[in-house]
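# here you go, sequence then predicted model.
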Amino acid sequence: NNSSQLSSLPLQILLYVNGIYYIFYFLATLAMIIYKSQVFSYPDDLLAPDLAVLFLMGILEVPRLYLGFKGNLTEAEAPLGLSLGLTVGSVVLCVYLLLWQTYVLWADVLLNAVLLSTYGLESGLKVTAIAAFVS
């Protein structure tokens, strides 16, 4: 039997863990935005963009994870490449929430730092998997 499995187990585990962590991240960040809007004088014109970024990120996360799972399991570089592209978008939105949202609490810094590091690790594993599929 000469068939070799090219899909990445570490990537599959990380995608799964990221999916669970993202649910926690989304709910915690949403709760903090609500908390900040009650406790601080949150300008109305700045509340909407912060919420929009969080919801856009949540919408991006579904196809990002789906394409990552599908591309890795079917050993197809196209869905994995698309997932990698969506990860870049998610990183930009995550950096916005880390640096440029109206109020940034230490919990925001912690949540976003963990998410950015998992995105980085996941991206490295995706690039490695794509290279293995193409070769």
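Yes, it's here. Numbering: from 1, shown residues only.
# contacts and neighbour counts: CA atoms only from here.
OK.
# so where's the protein uncertain?
Along the chain, the parts satisfying pLDDT under 70 run over 1-3.
# test my guess that residue 6 contacts residue 130.
No - with contacts counted by C-alpha atoms under 8 Å, residue 6 stays clear of residue 130, the gap being 9.4 Å.
# which stretches in the chain count as helices?
9-39, 44-73, 77-95, 106-134 (DSSP state H).
# hey, which of these is tucked in deepest?
Ranked by mean neighbour count under mean count of other C-alpha atoms under 10 Å, the helices of the chain are led by helix 77-95, which reaches a mean of 19.
# what's in contact with it?
With C-alpha atoms under 8 Å, 6 or more residues apart in numbering as the test, helix 77-95 has contacts from 53-54, 57, 60-61, 63-68, 70-72, 112, 115-116, 119, 123, 126, 130, 133-134.
# just want the angle from it to helix 106-134.
Angle of helix 77-95 versus helix 106-134, following axes from the mean of the first three to the mean of the last three C-alpha atoms, to 10 degrees, is 160 degrees.
# tilt between helix 77-95 and helix 44-73?
Going by the same axes, to 10 degrees, helix 77-95 makes 150 degrees with helix 44-73.
# next one: helix 77-95 to chain centre, how far?
Between the mean C-alpha location of helix 77-95 and the chain-wide mean there is a distance of 8 Å, by C-alpha atoms, centre = their mean, to the nearest Å.
# equivalent analysis for stretch 56-71, please.
How far stretch 56-71 lies from its chain's middle: 8 Å, per C-alpha atoms, centre = their mean.
# distance of residue 5 from residue 129?
11 Å (C-alpha to C-alpha, to the nearest Å).
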